[in-house]
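>>> Kindly return the folded structure for what I paste below:
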Amino acid sequence: MLIRPLAASPHVPVVAGWLHAQWWGAEGWSLAATTAWLAAATGPAAPLTLVAECAGAPLGTATLETEDLDSRPDVPSATLSFGSTPPTRRNSTPRAAGR
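Okay, here's the model as predicted:
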């Protein structure tokens with residue numbers, strides 16, 4: 001397994017499609033805006049999106065961002081979100097995922 005910044009991989013369009021379909025589209029983001037944000041989230045500090053891959057296929061992502069409370073710009077915040085492809089979820093449990 002390889003974990004690296006998403007922007008340093010060829011998987012930005014695929015991952016953008018996943019995240020847009022699952023969450024970002026419902027929040028009003030276009031697919032183009034989602035793709036552009038992920039391509040720019042290069043770290044090393046937030047924003048940063050990492051991708052886990054195996055045999056060249058993306059398995060999941062982790063994103064660290066700091067500006068996630070649009071309704072409260074006066075409150076510093078940070079969010080770590082992650083997602084994985086359905087086949088990689090079959091053996092996971094919250095307890096195992098936290099290890």
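>>> use CA for all of it now, contacts and neighbours both
Fine.
>>> can you map out the strands along the protein?
Along the chain, counting by DSSP state E, strands occupy 2-5, 48-54, 57-65, 79-84.
>>> is it possible to export those to a markdown table including distance to P13, mean neighbour count and mean pLDDT?
Output for these, formatted as a markdown table (distance: least, C-alpha to C-alpha, whole Å; neighbours: other C-alpha atoms under 10 Å; pLDDT from 0 to 100):
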| stretch | distance to P13 | mean neighbour count | mean pLDDT |
| --- | --- | --- | --- |
| strand 2-5 | 14 | 16 | 94 |
| strand 48-54 | 12 | 20 | 92 |
| strand 57-65 | 11 | 19 | 89 |
| strand 79-84 | 15 | 14 | 66 |
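>>> Including distance to W24, could those strands go into TSV?
Putting the strands of the chain into TSV (distance: least, C-alpha to C-alpha, whole Å) gives the following:
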stretch	distance to W24
strand 2-5	19
strand 48-54	14
strand 57-65	13
strand 79-84	12
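>>> Let me see the contact set for A41.
Neighbouring residues of A41 by C-alpha atoms under 8 Å, 6 or more residues apart in numbering: L6, A7, P47, L48, T49.
>>> Burial check on A39, number of neighbours?
Using other C-alpha atoms under 10 Å, A39 has 20 neighbouring residues.
>>> Isn't it up against V12?
Yes: contact criterion C-alpha atoms under 8 Å: A39 and V12 qualify, at 6.5 Å.
>>> returning to that earlier point: of the strands of the chain, which is nearest A21?
A21 lies closest to strand 79-84 among those, at 12.1 Å (C-alpha to C-alpha).
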